[in-house]
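# pasting a predicted model and its sequence here:
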Amino acid sequence: MSSDQSSQSYSIDNLGNLPIPSLSIATSRSNLKGTTGNTTTKNNTKCHYQLDSKNRTTVLGIEGSANKIGVGVLSYDPETRTYSTLSNPRKTYISPIGQGFLPKETAWHHQSHIVALVRAALNEAFAENNLKDNREKFTTTTNNNNDHKRKRYTNDDVVNYDPSKELSAICFTKGPGMGGPLTSCAIAARTLALLWNIPLVGVNHCVGHIEMGRVVTGASDPVVLYVSGGNTQVIAFSDQRYRIFGETIDIAIGNCLDRFARVIGLSNDPSPGYNIEQEAKKPNAKFIELPYVVKGMDVSFSGILTHVEQIARSSKFQSQNGNENENGNTHTTTDNKNTTKNTTQQNQTKTNNHKDDDNDNDNTPITKADLCHSLQETLFAMLVEITERTMAHCGQNQVLIVGGVGCNKRLQEMMGCMVRERGGSLCAMDHRYCIDNGAMIAQAGIFALQHGYVTDLKDSWCTQRFRTDQVKAIWRPPATKPRN
């Protein structure tokens, strides 16, 4: 950091953000072509957005980069200077056991649910205005996927309202993610923006996770562990960008867990990772030593996955309900231990670090719980190691875990132990905000909107590759104070 940068001072809020630019609040409604309303500047050109009926900045966010489609409505109240999630419904595409989710089928799923989710999100967000006489509130129930089921209301119950007068912008996931699902949601976002004549804001999926986590937990400047089906990164903020200090060099941790779950026949409902976590909690689960691959600040999961897949397909693997592995091979009994040992030694290649594993464990069958427990412990230990290294490098004592894998209680427990030993604190969330959702896109989008960023229609394309450190976080200070 140069001396002139370090000497600058910035007025920032409790989240470490720059103050929202002063805006001229008008009593009349404004639109993209209007000259009244809330105005910020971007590259010396004015961009306009309107306030809702309660003088709040309110945005709608659409997320659909993978197998979850979510729509969230989020608002900023200038009086209390707080952000509030008004609604956040989502639906999950669940593929059959033993199969992953493909882009085409996932896109079809999102297309079939997006309209209903937008309607549900708006109805819930503006329920106080929509229900006649405020007789009753919209009620929601959730499952482990946070998929929402809502009471149906008739036309006699709901008062018509105009979203174009309540929303300031439409935010959508620009990337990274799967092409088909991303495009389906982007088309919906463009349609709504044109229909209601309000701005579009494209959002980086990874930054959405981080900003949602910072707001929910109150973490102003943490080291971030971002773990999901498509990403594994250790991140720290510097000079208006989320810098990646370490990451996977092959597959993401969520992808590793998902593929392993398919091999051992676990259900995808509510998610493979959740079912692995439940298996690993079984009291009789024992630890099996697996390859541990940390290369500097980076990790590798593909070799570990291959190793556990080989174990799951071997004669030693025992399913919960019988003595056969997933390929239908009968497991040996104690009467033919020597045959099992010899066959295993002939058919399996030993790695340098685990030459004697089969000799040590040849008399003991391996269960699903054993493999799930061992895989979790090994992968999570690798993540804790590189996170601690990042904390030491940055002089930071706070860790925020985001992403779908981040709601795993064992990962939170292991990370918490490390952080407490360093005298720090852990910021973690449950499935409501760890798993992909529309509110996180709305959160990053509203930050960008309030500091003058909008996405032109011609630039509202999607990309499957969009790294976290490509985004300039204009809502955060250009220079950060040196950490202790």
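Now that the structure is in, tell me what you want to look at.
# can you give me the helices in the stretch 301-450 of the chain?
302-312, 337-347, 357-361, 368-394, 409-421, 431-434, 438-450 (DSSP state H, counting those that start in this stretch).
# out of the ones you listed, deepest packed?
helix 438-450 (a mean of 31; mean count of other CB atoms under 10 Å). Glycine gets a C-beta too; all of them are placed from N, C-alpha and C.
# alpha carbons only: can I get that helix in CSV?
Presented in CSV, the C-alpha positions along helix 438-450 are these (Å, rounded to 0.1, in the frame of the first residue of the first chain):
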residue,chain,number,x,y,z
GLY,A,438,-32.5,-14.6,-4.2
ALA,A,439,-31.9,-12.2,-1.3
MET,A,440,-28.1,-12.6,-1.5
ILE,A,441,-28.3,-11.3,-5.1
ALA,A,442,-30.5,-8.5,-4.0
GLN,A,443,-28.1,-7.6,-1.2
ALA,A,444,-25.0,-7.3,-3.5
GLY,A,445,-27.2,-5.6,-6.1
ILE,A,446,-28.6,-2.9,-3.7
PHE,A,447,-25.0,-2.1,-2.6
ALA,A,448,-24.0,-1.6,-6.2
LEU,A,449,-27.2,0.4,-7.1
GLN,A,450,-26.8,2.8,-4.2
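# packing partners for it?
With contacts taken as 3 or more CB pairs under 8 Å, 6 or more residues apart in numbering; DSSP states H and E, helix 438-450 sits against strand 57-63, strand 68-77, strand 82-87, strand 169-175, strand 200-204, helix 205-217.
# circling back to that earlier point, okay if I get the helices of the stretch 301-450 of the chain as CSV plus distance to residue 125 and mean pLDDT?
Listed next are those as CSV, based on distance: least, CB to CB, whole Å; pLDDT from 0 to 100:
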stretch, distance to residue 125, mean pLDDT
helix 302-312, 41, 97
helix 337-347, 59, 41
helix 357-361, 55, 46
helix 368-394, 36, 98
helix 409-421, 30, 98
helix 431-434, 16, 94
helix 438-450, 10, 98
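# any chance of the helices and strands packed on helix 438-450 in CSV, plus distance to residue 309?
Rendered in CSV, the data for the helices and strands packed on helix 438-450 read as follows (distance: least, CB to CB, whole Å):
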stretch, distance to residue 309
strand 57-63, 31
strand 68-77, 26
strand 82-87, 40
strand 169-175, 30
strand 200-204, 33
helix 205-217, 28
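# next up, phi/psi of the residue nearest the centre of the chain, please.
With distances taken as CA atoms, centre = their mean, residue 403 lies nearest the centre of the chain, 3.0 Å away. Residue 403 adopts backbone torsions of phi 100, psi 160, taken as degrees, to the nearest 10.
# going forward can the numbers begin at 524, since that is how I track them
All right, first residue 524 from here; so that's residue 926.
# residue contacts, it?
The contact partners of residue 926, by CB atoms under 8 Å, 6 or more residues apart in numbering, come to 732, 748, 749, 750, 751, 754, 777, 957.
# do that again at 7 Å, thanks
Contacts for residue 926 (CB atoms under 7 Å, 6 or more residues apart in numbering) come out as 732, 749, 750, 751, 754, 957.
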